[in-house]
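everything below, folded, please.
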Amino acid sequence: MLRFVRAVTPLLCLPLACGGESRHDLYMRGMAIEGEASRGACKLEFDAKERSHVIDGDVVQACLEQTEEAISVYEQAKARGMSDLDFQKTYERALERRERLRGMLKTVRELEAPSGAGPGISQ
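Residues are numbered from 1 along each chain as shown. Here you go, the predicted model:
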């Protein structure tokens, strides 16, 4: 019986030695961060007065930051060996989303710039 306890004890302690989160847990946490972003910072707000969706640089910046946080968690999962097809697709989409958000942020900040009305618009 003592041998069995000695053999099983290291296996029970293994998750603690790995930092507590498995690669799958990290993947799920990254997806949760993206889900929170899509319901929060990345969600477009409709302005009834303007009768359109309104976007500003601060909203895009917050969305980009949450996307980068999710990517960071995905990279931790990848470093721990996460490599299934669903994970790879999710990770690649997050990287693509980050690039689109960076471009969008640049454009929105240019339009928000106080120096003029923006590119292509005359005063």
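
after whichever strand or helix holds residue 62 comes which helix or strand?
Using DSSP states H and E, residue 62 maps to helix 57-79. Using DSSP H and E, the helix or strand that follows helix 57-79 in sequence is helix 85-112.

what's the angle between that next one and helix 57-79?
Between helix 85-112 and helix 57-79, the angle comes out at 160 degrees (axes from the mean of the first three to the mean of the last three C-alpha atoms, to 10 degrees).

what is helix 85-112 packed up against?
Counting contacts by 3 or more C-beta pairs under 8 Å, 6 or more residues apart in numbering; DSSP states H and E, helix 85-112 is packed against helix 23-39, helix 57-79. Bear in mind the C-beta positions are built from the backbone N, C-alpha and C, glycine included.

tell me where the model's unsure across the protein.
In the predicted model, the chain carries pLDDT under 70 at residues 1-19, 115-123.

what helices or strands is the helix holding residue 62 leaning on?
The elements that helix 57-79 packs onto, with contact taken as 3+ C-beta pairs under 8 Å, 6+ apart, are helix 23-39, helix 85-112.

okay if I get those as JSON lines plus distance to residue 60 and mean neighbour count?
Listed next are these as JSON lines, based on distance: least, C-beta to C-beta, whole Å; neighbours: other C-beta atoms under 10 Å:
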{"stretch": "helix 23-39", "distance to residue 60": "12", "mean neighbour count": "17"}
{"stretch": "helix 85-112", "distance to residue 60": "5", "mean neighbour count": "14"}
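
can you add distance to residue 58 and give these back as a markdown table?
Conversion of these to a markdown table gives the following (distance: least, C-beta to C-beta, whole Å):
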| stretch | distance to residue 58 |
| --- | --- |
| helix 23-39 | 14 |
| helix 85-112 | 9 |
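
out of those, nearest to residue 77?
Nearest to residue 77 among these is helix 23-39; the distance by C-beta to C-beta comes to 3.7 Å.
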